[in-house]
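Participant: Take a look and give me a structure for this.
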Amino acid sequence: MSELPSYGVGRVSSIFLYPFSFAEFLRAANAELLRKTITEASPKKPLPEAIHTKALELYKQFLVLGGMPKVISSYFSGGDLLSCQRVLDGLISAYEDDFTKYKKRASPLLIRMVFRSVVEQNGQKFVYNKALPDANQIQVKDALELLTMAGLIIPVKHSAANGVPLGAEINPKMRKFIVFDSGIFQRILGLKLSDVLLKNDFESINKGALAELNVGLELIKSASCYQRQNLYYWHREAKSSNAEVDYIIQIGSQILPIEVKAGTKGSMQSLRIFMDLKHTEKGIRISQENFSTYQNIEVYPLYAVANLQE
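Facilitator: As a prediction, this is how the structure comes out:
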């Protein structure tokens, strides 16, 4: 679009589209009753354990498949997971072949390497020289901007989170990036499907921060499609006391810190540090657990991120 002579300012409306959300995945699976039951649950009204277990099983399938319509269509029209992996391989190849159209701005090889580096650095502050040691920072930054404008990666910006709006206090030197689809992500990273689907503790996928990635995507998908959504996180570097909150969101005038735990265990030290420093009344923990509460921390299951926007 940047190469068009005019974009029709004032005459064109934008709608931001993304791969399927988990709620849309449930519709495709003819699990509308389960979808509705999840939306009506809350930390004060947890789900029956049998329903919670069923929702987690479907959520794990969703993590592996992602939300690309072609993949979902293939799966629910009789395809198996392996055939869907081949569909994902084809999509990845098509996207990377398409990088040649940006060759006037950046080398297609550089863009491909940066794209793959975003996958490898998922959940971490992005380090430029890890993307391509021989490229300078300006080249890598330009490739990141192209991928962001194309919608293939999404920045997660650091915010001091002292007040709203969260974007008023960002540190442009501290950014994470996530890939736009969990299926694309797991395929590039080469995760073992059996680990994702069969292990309840999610330890094997925690290295790739797959759960954290999908929480960020669900936050975007469940918000308004009529404006570009931003993601933020918080990090504090202090001597022998580093702390990081995976996401911070704004609901009305309230700031909510979100900590993602891939399993059912884990301390919430960083979350509590943030809440003490910022005098936040409530925090959010997202994990494999059923809806519940720990004092002033509310627990939401990984499959119910959209409930935060209700």
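Participant: Going by C-alpha atoms from here, please, whenever you check contacts or count neighbours.
Facilitator: Noted.
Participant: where does the chain dip in pLDDT?
Facilitator: By pLDDT under 70, the low-scoring segments of the chain are 1-7, 195, 198-208, 239-240, 262-267.
Participant: Show me where it has its helices.
Facilitator: Assigned by DSSP state H, the chain shows helices spanning 22-28, 32-39, 49-65, 69-76, 81-97, 108-120, 128-131, 137-149, 182-189, 193-198, 203-206, 210-221, 269-278.
Participant: ok and the fourth one relative to helix 49-65, angle-wise?
Facilitator: Using axes from the mean of the first three to the mean of the last three Cα atoms, to 10 degrees, one finds that helix 69-76 and helix 49-65 are set 130 degrees apart in direction.
Participant: still on that earlier bit, to E310, which of the helices of the chain lies closest?
Facilitator: When those are ranked by distance to E310, counting by Cα to Cα, first place goes to helix 32-39 at 8.4 Å.
Participant: For the closest one, name the packing helices and strands.
Facilitator: Taking 3 or more Cα pairs under 8 Å, 6 or more residues apart in numbering; DSSP states H and E as contact, the helices and strands that helix 32-39 lies on are helix 22-28.
Participant: longest single strand anywhere in the chain?
Facilitator: In the chain, with assignment by DSSP state E, the single longest strand is strand 170-179.
Participant: Check which residues of that one are buried.
Facilitator: Buried positions in strand 170-179, judged by neighbour count with 16 or more other Cα atoms under 10 Å: 170, 174-179.
Participant: and for it, what are the contacting residues?
Facilitator: Here strand 170-179 makes contact (Cα atoms under 8 Å, 6 or more residues apart in numbering) with 118-119, 121-126, 152-160, 185, 213.
Participant: about what we covered before: kindly reformat the buried residues of strand 170-179 as a markdown table containing distance to E298.
Facilitator: As requested, the buried residues of strand 170-179 are exported to a markdown table (distance: Cα to Cα, whole Å):
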| residue | distance to E298 |
| --- | --- |
| I170 | 26 |
| M174 | 28 |
| R175 | 27 |
| K176 | 25 |
| F177 | 26 |
| I178 | 25 |
| V179 | 27 |
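Participant: Which residue comes closest to F16 once chain neighbours are left out?
Facilitator: Nearest residue to F16 in three dimensions, chain neighbours excluded: C225, at 5.1 Å (Cα to Cα, 6 or more residues apart in numbering).
Participant: For that neighbour, which residues are in contact?
Facilitator: C225 makes contacts with 15-17, as judged by Cα under 8 Å, 6+ apart.
Participant: Can I get those residues in CSV including distance to Q137?
Facilitator: Converted to CSV, the contacts of C225 look like this (distance: Cα to Cα, whole Å):
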residue, distance to Q137
I15, 32
F16, 29
L17, 30
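Participant: between those, which has the most around it?
Facilitator: Note: the member of the contacts of C225 with the most neighbours is F16, at 13 neighbours, neighbours being other Cα atoms under 10 Å.
Participant: Report the separation between that one and S93.
Facilitator: 24 Å (Cα to Cα, to the nearest Å).
Participant: can you check R112 too?
Facilitator: Between R112 and S93 the computed distance is 10 Å (Cα to Cα).
Participant: which one of these two has more residues nearby?
Facilitator: Looking at R112 and S93 with other Cα under 10 Å, you find the greater number of neighbours at R112, namely 19 against 10.
Participant: Would you mind confirming that that one makes contact with D97?
Facilitator: No. Using Cα atoms under 8 Å, R112 makes no contact with D97, being 9.0 Å away.
Participant: circling back to that earlier point, using PDB, write out every CA atom in the longest strand of the chain.
Facilitator: Taking C-alpha atoms only, strand 170-179 is exported to PDB below (Å, rounded to 0.1, in the frame of the first residue of the first chain):
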ATOM      1  CA  ILE A 170       6.900   3.000  25.900                       C
ATOM      2  CA  ASN A 171      10.600   2.200  25.600                       C
ATOM      3  CA  PRO A 172      11.300   1.800  21.800                       C
ATOM      4  CA  LYS A 173      14.600   0.000  22.600                       C
ATOM      5  CA  MET A 174      12.800  -2.800  24.400                       C
ATOM      6  CA  ARG A 175      10.500  -4.800  22.100                       C
ATOM      7  CA  LYS A 176       9.400  -8.400  21.700                       C
ATOM      8  CA  PHE A 177       7.800  -9.800  18.600                       C
ATOM      9  CA  ILE A 178       5.400 -12.600  18.100                       C
ATOM     10  CA  VAL A 179       4.400 -14.400  14.900                       C
END
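Participant: That one: partners in the sheet, and parallel or antiparallel?
Facilitator: strand 153-159 (antiparallel) (DSSP bridges).
Participant: now the angle from the partner strand to helix 210-221?
Facilitator: 90 degrees.
Participant: Not counting its own residues, what contacts strand 153-159?
Facilitator: When contacts are defined by Cα under 8 Å, 6+ apart, strand 153-159 is touched by residues 115, 118, 144, 147-148, 166-172, 174-180, 230-235.
Participant: one more time with 6 Å
Facilitator: By Cα atoms under 6 Å, 6 or more residues apart in numbering, the surrounding residues in contact with strand 153-159 are 147-148, 169-171, 174-180, 231-234.
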